[in-house]
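Asker: need the 3D shape of this:
(2 chains)
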Amino acid sequence: MTAESTGTKDRKYEGGVHEKSRELMSAWMGEVGRAEAEHRATAALMISGNCVELLRACHVLPLFPEVTALQAAIRHKSLPLIQRAEQAGYSSDNCAYVKADIGLYLDGGMGPGKPIPFPTVTVCNYVGCNVYVKWFEHLADVSGSKLFMLDVPFLRTTEPSEADVRYVVKQIEELIALLECVSGHKMDIDELREILAHSARAEDGYARCKHLCKRTPAPFDAYFDAINMMGPINVLRGTREAAEFFDDAVREFEDLATRGVGPLPEERFRTVVEGPPPYPYYKSFRNLFAKWGAVAVQSTYSTVGGIWEWGFRHDPRRPLESIAEQMLRENLTNRSIVARYQQIKRYVEEWNADALVIHSVKSCRLFSAGQGDMREYFTKELGVPTLLVESDLEDPRYYSEAQLKNRIDAFFESLEHKKLVASGGHR
Amino acid sequence: MTTETAALLEPRREVGVLSLGDAALRWKAEHPGGRAIACYPVYAPTEVIHAAGMLPMALLGGGTTVELTHADARFQSFVCSIAKSSLELGFQDLVRGVDGFVFSNICDVARNLSSVWARNFSDTFVEYLHLPQNSTSSESSQYLASELRRLASRFAEAFGAPVTDDALRRSIATWNAVRARIRALYALRIDSPEKLPITEFFVALRAATRTAPEESLLRLDALLDTASRRTERPRDRIRVVIEGAFCEQPPPGLLEILEESGCYVVEDDLFLGWRWFTDDVSTDGDPFERLAVAYLDRGVASSTRHEGRQHRSLGVIEKVRRARADAVVFLLPKFCEPALFDYVLIKQGLEREHVPQLVVEFEEKMWTFERTRNEIETFVESMLFD
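Answerer: Purely as a prediction, here's the structure:
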């Protein structure tokens, strides 16, 4: 979204954070593209609650199939890949992220000599999402790579038990042995500590950026613009570049907040957004909210990789334990949907939001199954105006612009009316 | 149906048609002070529940008996039937009599349902188990043993029903016996499928998921005895393995169509949790650890458990060979992601082995089967007359 499209010349949406993020992510994609030629060991990893630091410390280049899939969607290239997978037997009811990834392989875009290499090892960080298990079983099957299942017990008590932590730490040790074997590099614990220090700095920066959205107006949209930070925090975490990226981001957003500049000419509504975005129609979807001056001041999707705003940081003094704790406890996907209600409740209260927007996506049941109950909770028990709309994060066939527009317009019209009445402006 | 068979089936049918709550109440009336715990019919630690003096019951959704009036507002249209109708049972008070629910990480929907259930019915006991997906870590069995101990301590805390090691060993022995009977019935069906139709077996298994194991033993023994003595003549049918209906069970009408259309079902994954272990669980040593090791090393192949040591299709191929089956019929519940994903890998494995296969999708509210009958008949004919 540009300022021009909203009829203002105050500020273009694409700021330094956006440009720098694109630059860093492109550099990583370049590395991925050269990995095979350079005989570098690679490992596929999932975004949610990941342990990318271990890969770095073992000199293994991380690949993220979710990023590949979302990039295909945002570039409007996902549908043929999804259809290719469906021809091979995948159901229309299966997660389209997986289908786009497997479709890429079937379509000849992944594998030896292709733009996306096969991973040397497939590391399934099973952090909540059961589809991750299936996805990586299938990826290991097509690529012939060894599959390591890093099983992270779901957070079913207030805190992970000692047995949970012991189980994850043991598996981390077993994973390190495997990664050392494929890369031929023995992990240096001091190097891991240094990597974790970079992680902690990036996490701190990301958290500070998100806290800046408590200001009015928020300096960026914590749903649509957060994607620019999600690459560096989830994919590039543990690098010096990612840490510096967040130092710069904090400076840029602090400056905007100080000057009272937000992503839209006027911030009329402050929302919290739940659920992943519809990547195939990212800008169109954003426009539906921008026209109402609705800015997301917090979002749950931005915490799939980790929840940093409550203070958790990777700890170089306790390297393996803090990696385990982050995977077990400090990310959205390994917590129950009802725990997510409490996360959202805090967002609504502390970020002073007017409403909750739930974008329910068919592909990701982890996110969506039960969001009707979430709506019940927020509307009926807390009295928070809540909009629930449905489409998909990857499959463009589930995006109905007219239907979405009707619902979004009706919701904000009603919200506007309520605001007017509350301010005494309505007679 | 003979008078003998009808008499044999009657008590099972009766248990089978009762709502989950009524079945629990009936059992509790006969066992004052007893409690009932429901769980999906995939793996559940029935031994631990039983050792706490409680009745483990399979949560099988509402089938065609319940109209969705509340659950549809909580779970979207793209969520499987069994999750929604299970929740509806709660909203319509049809699980009155069930004291608690134990969910586990069989899929994302069941996981979310667990906490949604706990929120909506806060006076009900709800526990969520995380069953290991890493079968090969040196810590997996210790982890699972501790998870089972945690469940036992939750029972003690909530119901004052402690699980002692001795009680658990006795429960393991009892459930070993139940599983052995079920294995014997499957062996009978593999040997002489005409003696025990799938529809009858389905009713018997369903009843076993709502009956105390001691009572199940008597009923399963009686069924084994009766069925063994039957003298039905084998018909000209193909032998099939059913795959995919491990959680949401197919409507009985669909199974009936399968047989009427010319199939003998010689293996399946129905009510999988009630025959999870492929042989007896050891009754010596630490019983929690014995259960954990059995789960990791002697569990059936399932879409809900990652088995890193063999390809997903191999478990089904092994079933096909062991049961001397001619084909696999995938009965896939609509929107069931584990079944739908596994279908692809299993299908590819079966193709490599030249095993014919047919896909039938179903929902628990499915009530007309004519199109399905056509599909199955065509498939059977293509095999019989090929």
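
Asker: mind showing which ranges of chain B have poor pLDDT?
Answerer: Within chain B, the ranges that satisfy pLDDT under 70 run B:1-17.

Asker: show me where it has strands.
Answerer: Read by DSSP state E, chain B holds these strands, from start to end of the chain: B:35-39, B:54-58, B:100-104, B:125-129, B:238-243, B:263-267, B:327-333, B:357-362.

Asker: with chain A instead?
Answerer: With DSSP E, the ranges of strands along chain A come out as A:42-44, A:61-63, A:121-126, A:146-151, A:269-274, A:294-299, A:355-361, A:386-391.

Asker: can you tell me which helix in chain B is longest?
Answerer: With residue count as the measure and DSSP state H as the assignment, chain B has helix B:165-191 as its longest helix.

Asker: could you check how far it is from the centre of its chain?
Answerer: When distances are taken as Cα atoms, centre = their mean, to the nearest Å, helix B:165-191 is centred 14 Å away from the chain's centroid.

Asker: with stretch A:338-350 instead?
Answerer: Using Cα atoms, centre = their mean, the offset of stretch A:338-350 from its chain centre is 17 Å.

Asker: then stretch A:90-105?
Answerer: Chain-centre distance of stretch A:90-105: 19 Å, with Cα atoms, centre = their mean.

Asker: could you give the average pLDDT over that stretch?
Answerer: In this model, stretch A:90-105 carries a mean pLDDT of 97.

Asker: that one close to chain B?
Answerer: Yes: Stretch A:90-105 is in contact with chain B by Cβ under 8 Å from any Cβ of the partner chain, via A:90-91, A:93-95, A:98. To be clear about C-beta, it is placed using only N, CA and C from the backbone, and glycine gets the same treatment.

Asker: columns neighbour count on top of those, output as CSV?
Answerer: CSV is the format used below for the residues of stretch A:90-105 next to chain B (neighbours: other Cβ atoms under 10 Å in any protein chain shown):
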residue, neighbour count
A:Tyr90, 24
A:Ser91, 21
A:Asp93, 18
A:Asn94, 25
A:Cys95, 30
A:Val98, 27
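
Asker: now, among these, which is nearest to B:Val344?
Answerer: A:Tyr90 (5.8 Å; Cβ to Cβ).

Asker: wait, the closest one sits on A:Ala100?
Answerer: No: here A:Tyr90 lies out of contact with A:Ala100, judged by Cβ atoms under 8 Å, at a distance of 10.3 Å.

Asker: may I have stretch B:186-205 as PDB, with CA atoms only?
Answerer: As requested, the backbone C-alpha atoms of stretch B:186-205 are provided in PDB (Å, rounded to 0.1, in the frame of the first residue of the first chain):
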ATOM      1  CA  TYR B 186      -9.400 -60.400  13.100                       C
ATOM      2  CA  ALA B 187      -7.500 -63.700  12.500                       C
ATOM      3  CA  LEU B 188     -10.900 -65.400  12.100                       C
ATOM      4  CA  ARG B 189     -12.000 -62.800   9.600                       C
ATOM      5  CA  ILE B 190      -8.800 -63.100   7.600                       C
ATOM      6  CA  ASP B 191      -9.200 -66.900   7.500                       C
ATOM      7  CA  SER B 192     -13.000 -67.000   7.000                       C
ATOM      8  CA  PRO B 193     -14.500 -63.600   6.400                       C
ATOM      9  CA  GLU B 194     -17.900 -65.100   5.600                       C
ATOM     10  CA  LYS B 195     -18.200 -66.100   9.300                       C
ATOM     11  CA  LEU B 196     -18.100 -62.600  10.700                       C
ATOM     12  CA  PRO B 197     -19.500 -59.800   8.500                       C
ATOM     13  CA  ILE B 198     -17.900 -56.400   9.000                       C
ATOM     14  CA  THR B 199     -21.200 -54.900  10.000                       C
ATOM     15  CA  GLU B 200     -21.600 -57.300  12.900                       C
ATOM     16  CA  PHE B 201     -18.000 -57.000  13.900                       C
ATOM     17  CA  PHE B 202     -18.300 -53.200  13.800                       C
ATOM     18  CA  VAL B 203     -21.200 -53.300  16.300                       C
ATOM     19  CA  ALA B 204     -19.200 -55.600  18.600                       C
ATOM     20  CA  LEU B 205     -16.100 -53.400  18.500                       C
END
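
Asker: which residues are in contact with that stretch?
Answerer: Outside stretch B:186-205, the residues within contact range by Cβ atoms under 8 Å, 6 or more residues apart in numbering or on different chains are B:5, B:9, B:12-13, B:16, B:182, B:185, B:219-220, B:223-224, B:227-228, B:230, B:232-235, B:237, B:239, B:249, B:252, B:255-256, B:258-259, B:264-268, B:270-271, B:274-275, B:322-324.

Asker: if you set the cut-off to 6 Å instead, what comes out?
Answerer: With contacts defined as Cβ atoms under 6 Å, 6 or more residues apart in numbering or on different chains, stretch B:186-205 is touched by B:12-13, B:16, B:223, B:227, B:230, B:232, B:234, B:255-256, B:259, B:264-266, B:271, B:323.
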